[in-house]
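# Here's my sequence, what's the structure:
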Amino acid sequence: MTTQDELGAQLKTLGIRLTPQRLAIAEVVVNSGDHPSVKEIFGRVKEFFPYVTIATVYSTLTVLEQAGIVRELPFQKLSRYDANLSPHANLVCVGCGSVHDADVGQDQVAELRQRLEGSSDFHFTGQRVDFYGWCPNCANRRDRQAEASS
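Numbers count the residues shown, from 1 in each chain. As a prediction, the model looks like this:
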């Protein structure tokens with residue numbers, strides 16, 4: 001978990017103009033394990049800054065992405081934001097749409113990227129590995145619904 005002071009120092013070092021709203025938006029994304037959507041970020045920040053606008057959230061995310069602090073993960077229905085920029089796999093729930101970092105496989109994703117970079121003349125700008133399935137909550141809900149209909 002990154003503290004506000006650490007995050008503020010990092011943003012200042014990158015030349016990003018620091019406002020309380022920007023710091024709060026960055027903190028939500030960086031310290032969130034659930035890859036929040038713009039709407040979720042907006043809701044969490046609005047609790048502390050009632051006058052923040054959705055435009056401020058979008059513009060701050062753009063600044064944070066350009067600075068290399070977060071990465072947008074576009075999905076069919078909406079985008080989510082990830083502050084873990086190291087090679088890793090994401091676990092995506094097809095039920096609720098939640099996204100979490102996998103606890104294993106980082107070394108394999110990094111090795112695959114290195115092998116691909118070494119064996120092609122393709123210039124990489126990033127990678128994304130997603131695995132789709134049911135999160136525990138949605139899987140339990142599906143099981144209960146199946147039992148109820150049997």
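
# residues near Glu65, how many?
By the other CB atoms under 10 Å criterion, the neighbourhood of Glu65 contains 14 residues. C-beta coordinates here come from the backbone N, C-alpha and C atoms, glycine included.

# and the helix or strand where Gln108 lies, how far out from the chain's middle?
Secondary structure assigned from DSSP states H and E places Gln108 in helix 106-119. Helix 106-119 has its C-alpha centroid displaced from the chain centroid by 21 Å (CA atoms, centre = their mean, to the nearest Å).

# can you tell me the average pLDDT over it?
The average pLDDT within helix 106-119 is 92.

# That helix - contacts with which helices or strands?
Contacts defined by 3 or more CB pairs under 8 Å, 6 or more residues apart in numbering; DSSP states H and E place helix 106-119 against no helix or strand at all.

# which of the residues in that helix are buried?
For helix 106-119, the buried set under the neighbour-count rule, 16 or more other CB atoms under 10 Å, comprises 106, 109.

# what's downstream of it, the next helix or strand?
Heading C-terminal from helix 106-119, the first helix or strand you meet, by DSSP H and E, is strand 129-133.

# Describe which strands that next one pairs with in its sheet and in which direction.
strand 89-93 (parallel) (DSSP bridges).

# contacts for the next helix or strand after the partner strand?
Proceeding C-terminally, strand 89-93 gives way to strand 99-101 as the next helix or strand, assigned by DSSP H and E. Counting by CB atoms under 8 Å, 6 or more residues apart in numbering, the neighbours of strand 99-101 from elsewhere in the structure are 33-35, 73, 80, 82, 84, 88-93, 135.

# now those residues in CSV, with pLDDT, neighbour count and distance to Ser150?
Formatted as CSV, the entries for the contacts of strand 99-101 read as follows, by pLDDT from 0 to 100; neighbours: other CB atoms under 10 Å; distance: CB to CB, whole Å:
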residue, pLDDT, neighbour count, distance to Ser150
Gly33, 80, 11, 35
Asp34, 87, 12, 32
His35, 93, 25, 35
Leu73, 93, 17, 37
Arg80, 94, 23, 35
Asp82, 94, 20, 39
Asn84, 91, 14, 40
His88, 93, 20, 38
Ala89, 94, 19, 34
Asn90, 95, 18, 33
Leu91, 95, 16, 28
Val92, 94, 19, 28
Cys93, 93, 17, 24
Cys135, 94, 18, 23
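
# Sounds good, over and out.
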